[in-house]
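**Q** Build the 3D model from these lines:
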Amino acid sequence: MQEDLQNRIVAFAKHLVGPSDDPAEKARSRAWLDARGLPTAEGRLLLEALGDQAKTRTAFRVLP
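**A** Prediction:
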């Protein structure tokens, strides 16, 4: 369970870093993972917020 949460947090953090940056380090700097790499309360809240968006849709409009 912990490993699944950790993997999901790191997967999200990959969207926030450059190709040569470590997404786990970004997750630690955002307090989503602790120093041991385990999910924090903030990390769990992140996943909960992302889960709440699972059924939302986005519409884009091109303006002239």
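
**Q** Pick out the residue closest to the middle of the protein.
**A** Residue closest to the mean C-alpha point of the chain, counted by CA atoms, centre = their mean, is F12 at 3.2 Å.

**Q** mind checking pLDDT for P64?
**A** The per-residue pLDDT reported for P64 equals 73.

**Q** how far away is it from T58?
**A** Taking CB to CB, to the nearest Å as the criterion, P64 is separated from T58 by 21 Å. C-beta here means a position set from N, CA and C on the backbone, and glycine is covered the same way.

**Q** got it, and L47?
**A** 20 Å.

**Q** Show me which of the two is the more surrounded one.
**A** Here L47 and T58 are compared on neighbour count by other CB atoms under 10 Å; more neighbours surround L47, at 16 against 5.

**Q** State the helix or strand in which the more buried one lies.
**A** helix 41-52 (DSSP states H and E).

**Q** in that helix, what's buried?
**A** G43, L46, L47 (16 or more other CB atoms under 10 Å).

**Q** since we're on F60, how many residues are nearby?
**A** F60, neighbours per other CB under 10 Å, totals 4.

**Q** quick check, it in a strand?
**A** No. The secondary structure assignment for F60 gives coil rather than a strand, going by DSSP: H, G, I helix; E, B strand; the rest coil.

**Q** Could you check how far it is from T40?
**A** The gap separating F60 from T40 is 34 Å, by CB to CB.

**Q** Next: L63.
**A** With CB to CB as the criterion, L63 and T40 are 40 Å apart.

**Q** Comparing the two, which shows the higher neighbour count?
**A** Neighbours per residue (other CB under 10 Å) separate L63 from T40, with T40 holding more: 17 against 3.

**Q** quick one: that one from R57, how far?
**A** 30 Å.
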